[in-house]
Structures are given as structure tokens and as C-alpha cells.
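>>> fold the following.
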Amino acid sequence: MVASILQMMLEFAALGIILLTAVLAMQVGAATFLRDPPLSASSHRPSLAVLIPAHNEQQGLEATLLRVKEELSSIDRLVVVADNCIDRTAELATRAGAEVVIRNDPDRRGKGYALAAGLHHLAALPPEVVIFIDADCQISSQGAELLARACAAASAPVQCLNLMIASPESRAPPRLPEFAWRIKNDLRPSGYARLGLPCHLLGTGMALPWGLIKPELFATGHLAEDMLLGLTLAIRGFPPRLFRGARVTSHFPDTDRGRDQQKQRWLHGHFGLITSYAPRLLYWGLRRRSLGLLALAADLAVPPLAVLAAVNLMLLAMSLVCMAVTGAIAPFGLAALGSALLVSSLLAAWSVCGRDLIGRKEIVTQLPAHIIMVMRSALNLARGRKTPWVRADRSQTTTEFKGRTRS
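Reported below is the predicted structural model:
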């Protein structure tokens, strides 16, 4: 009896892993073999505001502001929210010619609250489009205008390509995290876009028409406030679309501690949304017969790749033991199928956007540490050790960004 229950549990878990991995495989396959669909741009150049939340960002803020200002016309606005700062962020933003909103509220920490304060400031003279850029990002040439035109034409949220790369000054560049970032923020949403499906909002490099903006939607301390906003808008009938014609680029933190903090915040926020929003998306997708909402639910349910790989390996080992003890072949066969599908997807992704990053050296020296870091964050969450919002400890640089991306 116990053996039968264990077999059924393993089979059920293996089927779940196969379904999640199939979503990844579909996205990678579509990104590999299909072309980008045309996303129309408005012939009318909308008025726009670039909103930049900044919490103790004095080290790299000026470079970001100067680059953004090059993209703006005389009718556009550049707004910086100096959020609970104890450094010279507000002073430097003022010197760079930005409108500065100073927010001091230590009881309500988080990027969402800063964005809400900036939007309240803009409400007195609202633009047609608001573009959100993080203080440590650089935007591609003409990126703000292209993104604003795409947003105006779609009358919906638009997310541009958002890449994070290793700092050129890093002694040990985090190549595996950079590869995982390309898969998550480029390959997977590109696959969905080429299938005509929506994407998630990623916090930076996103644009919204003013008519969709309600500051109260932003005023949250959620660790994944960007994805939460995108899912909320999707349920309300305005799913975000990917626009690869513009790009924002930032650097990974230089320290292991900073990367660990950043990964833990993202992972905890993501898993929080899986439990709270995946069922909601599934419900509304089925009720409205909306393929877009169902696709977002499926994408949201896919855990970080390191977690997915670790769960695959554990399930494969448990199924092997079960087969040796009970003779049951089905759990091991299903687990092996899931693992083969995952390996095939990662190899395909590597062939498209990882050849310049990942070789034998990176697999040997970085893979174990990367998996341990991600799984440690996942275990902390499982034990109830939820991380609060905290700015990742990182070393900023004003060196010119040299974004590496696939063609």
C-alpha cells in the first residue's frame, strides 16, 4: 500500500515537472525557429516622462540621468524619486536637471512605494506615456522614444529587452547567472512574443499609457512588484507586450553577498506570486477562454532554472530508488523524460544565446555555487524565512555598458 502511494506521488510529481519543462521547451523552440512579429509604432510622438526610483544610488545615478536626458525632448520630463536616501542621491539628481521627489517613509520600504510617489507627482501634469527605468540602468540609443511610440500604438503596457551583464571590472564574472538572465528575460519572452502571447513586466524598461496608471496599483512592498503589476493589468484586460527594439542594461552586483541578496529577493517574490496569482490567472484564463492569461499562468509557474534542475535531479534519484525497491518503472521513466526535456531545452538555449558565455570552465567552477545559492534561497523560503525588501549590496561603475545579446 505504501509503495503504491509512493509510486503515485512520484508519477504525479514527474508529470508536473514535465509540464513545467514543456513550457520552457516551447518558449525556447519558438524563440529559436520563429521570427519577431512586427510591433507597430505610433506615428505620433507621445509626450513622455521617465520615472527613476533611487535608493542610495549616488554612485551611478548621474551616468544614467545623462544618458536618459539625451533621449528626451523639451516637452518630456525626467523624475527621480529619492526614496529613503541617506546619501547625495537627491543632490546629484537635481544637479543633473531632473525633477526630484524626496520620500522619507522608513515604515513603507520598497520600490513600489517610490514609484507611487513619483506617479502622484506626475499627476498634476500627466504625460501620455510613463517609462520606468532603474537608477543603475542604461537605455539604448533612441530607446525611450521607440518604447514610448510602441506603447502609444499598443495602448497597453510594453516591456523592452532587459539585460543584466557582468561588470567589465569584475574579477570573476558571473557567467552562469548572466546566461540564466538571458533565458528568463530574452529567450523565453521572445518565444512567447513570436507566438503572439504576452510577457511579464520586469520593473525597468517598461512603459505604460497614462490612462492605465493608478498609483495605488504601485504602492506595495511586494518583492516582485513589477510582475505583480503586469499580472494585475493582464487580468484587467491589458496584458504586457514585449518590444525588442529598445533595451535597458545593468550590471550584476560584484560581490557574492550582493548577488545572493538579489537572487533571494527575486526568488522569494516569484514564489510568492506563484502561490497567489497562478491559480487566479488560471481561473480567469479558463473563464474568459483567454490563451494569453493561461500562457502567463504557465510561464509564472516555471521556477528558476537552478530550482527546476535540482528538483529534476532529486526526482530522478528518488524514482531510481523506488524502481530498485519496488520494481516500478513508470516513475523513473517519467522523471527521465522530464530531465531529458530540460537538458535538451538548456542545450538549445545555449546554442542560441550562451556560446559566448558558457564553456567547460564555467560549468565546473560556477555551476555548483550557483545551484547552491539558488537552493539556499528556496530552502530559506520553505522554512518561513522570508526576506524583506532590501537593496542588493553592489559595486556600481560608470564604465560604458557593453551589452552582449543575441542577434
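
>>> please count neighbours and contacts with C-alpha atoms only from this point.
Fine.

>>> all strands of the stretch 201-350 of the chain, in order?
Taking DSSP state E, counting those that start in this stretch as the test, the strands found in the stretch 201-350 of the chain are 206-209, 241-251.

>>> who are the packing partners of the longest one?
Counting contacts by 3 or more C-alpha pairs under 8 Å, 6 or more residues apart in numbering; DSSP states H and E, strand 241-251 is packed against strand 138-139, helix 143-154, strand 158-165, helix 188-194.

>>> of these, which approaches residue 126 most closely?
Residue 126 lies closest to helix 143-154 among these, at 14.2 Å (C-alpha to C-alpha).

>>> can I get that closest one in CSV, CA atoms only?
Backbone C-alpha positions of helix 143-154 (Å, rounded to 0.1, in the frame of the first residue of the first chain) are rendered in CSV as follows:
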residue,chain,number,x,y,z
GLY,A,143,15.2,53.6,-26.7
ALA,A,144,12.9,56.0,-24.8
GLU,A,145,11.3,57.3,-27.9
LEU,A,146,10.9,53.9,-29.6
LEU,A,147,9.4,52.4,-26.4
ALA,A,148,7.0,55.3,-26.0
ARG,A,149,5.8,55.1,-29.6
ALA,A,150,5.3,51.3,-29.3
CYS,A,151,3.4,51.9,-26.0
ALA,A,152,1.2,54.6,-27.6
ALA,A,153,0.4,52.4,-30.6
ALA,A,154,-0.5,49.4,-28.4
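
>>> now for the residue nearest to residue 45 when sequence neighbours are not counted: which residues touch it?
Once flanking residues are discounted, residue 45 sits nearest to residue 149: 6.1 Å by C-alpha to C-alpha, 6 or more residues apart in numbering. The contact partners of residue 149, by C-alpha atoms under 8 Å, 6 or more residues apart in numbering, come to 41, 42, 43, 44, 45, 46.

>>> let me see the backbone angles for the residue positioned nearest the centre of the chain.
Per C-alpha atoms, centre = their mean, the C-alpha nearest to the average position across the chain is that of residue 202, at 4.4 Å. Per-residue torsions, residue 202: phi -120, psi 10 (degrees, to the nearest 10).

>>> that one contacts residue 163, correct?
No. Between residue 202 and residue 163 there is no contact under C-alpha atoms under 8 Å: 10.3 Å.

>>> just the buried positions in stretch 103-118, please.
Neighbour counts over stretch 103-118 (16 or more other C-alpha atoms under 10 Å) mark 103, 109, 110, 111, 112, 113, 114, 115, 116, 117, 118 as buried.

>>> helix or strand: which one has the last one?
Using DSSP states H and E, the secondary-structure element containing residue 118 is helix 111-122.

>>> which strands and helices sit next to that helix?
Using 3+ C-alpha pairs under 8 Å, 6+ apart, helix 111-122 is in contact with strand 48-54, strand 77-83, strand 99-103, helix 215-218.

>>> rerun at 7 Å
strand 48-54, strand 77-83, helix 215-218 (3 or more C-alpha pairs under 7 Å, 6 or more residues apart in numbering; DSSP states H and E).

>>> average pLDDT for that helix, rounded please.
Helix 111-122 comes out with an average pLDDT of 96.

>>> helix or strand next in line after it, which one?
Next along from helix 111-122, by DSSP H and E: strand 129-132.

>>> report the mean per-residue pLDDT for that following strand.
pLDDT averaged over strand 129-132 gives 98.

>>> who are the packing partners of that strand?
Counting by 3+ C-alpha pairs under 7 Å, 6+ apart, strand 129-132 packs on strand 48-54, strand 206-209.

>>> any chance of the ones you listed in CSV, with mean neighbour count, distance to residue 356 and mean pLDDT too?
Conversion of the helices and strands packed on strand 129-132 to CSV gives the following (neighbours: other C-alpha atoms under 10 Å; distance: least, C-alpha to C-alpha, whole Å; pLDDT from 0 to 100):
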stretch, mean neighbour count, distance to residue 356, mean pLDDT
strand 48-54, 26, 32, 97
strand 206-209, 26, 27, 98
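
>>> include distance to residue 325 when you put those strands into a markdown table, please.
Output for the helices and strands packed on strand 129-132, formatted as a markdown table (distance: least, C-alpha to C-alpha, whole Å):
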| stretch | distance to residue 325 |
| --- | --- |
| strand 48-54 | 57 |
| strand 206-209 | 53 |
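
>>> returning to what we had before: please convert the helices and strands packed on helix 111-122 to JSON lines, extending it with distance to residue 354.
JSON lines is the format used below for the helices and strands packed on helix 111-122 (distance: least, C-alpha to C-alpha, whole Å):
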{"stretch": "strand 48-54", "distance to residue 354": "31"}
{"stretch": "strand 77-83", "distance to residue 354": "35"}
{"stretch": "helix 215-218", "distance to residue 354": "34"}
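
>>> to residue 192, which of these lies closest?
helix 215-218 (25.3 Å).

>>> can you name the residues in contact with the closest one?
Around helix 215-218, the neighbours that count as contacts under C-alpha atoms under 7 Å, 6 or more residues apart in numbering are 112, 113, 115, 116, 119, 120, 229.

>>> at 6 Å instead, please
If you take C-alpha atoms under 6 Å, 6 or more residues apart in numbering as the criterion, helix 215-218 is touched by 112, 116, 119.

>>> give me the neighbour count for the last one.
Right, the one you point to is residue 119. Residue 119 is flanked by 23 other residues according to other C-alpha atoms under 10 Å.

>>> measure it to residue 50 for me?
Distance, residue 119 to residue 50, by C-alpha to C-alpha, to the nearest Å: 10 Å.

>>> and for the second one?
Counting by C-alpha to C-alpha, the separation of residue 116 from residue 50 is 14 Å.

>>> need the residues touching each of those two.
Counting by C-alpha under 6 Å, 6+ apart, residue 116 and residue 50 have no shared contacts at all.

>>> and the helices in this protein, which stretches?
Taking DSSP state H, the helices of the chain run over residues 2-33, 61-69, 89-95, 111-122, 143-154, 175-182, 188-194, 215-218, 225-235, 256-288, 291-301, 305-326, 330-353, 360-382.
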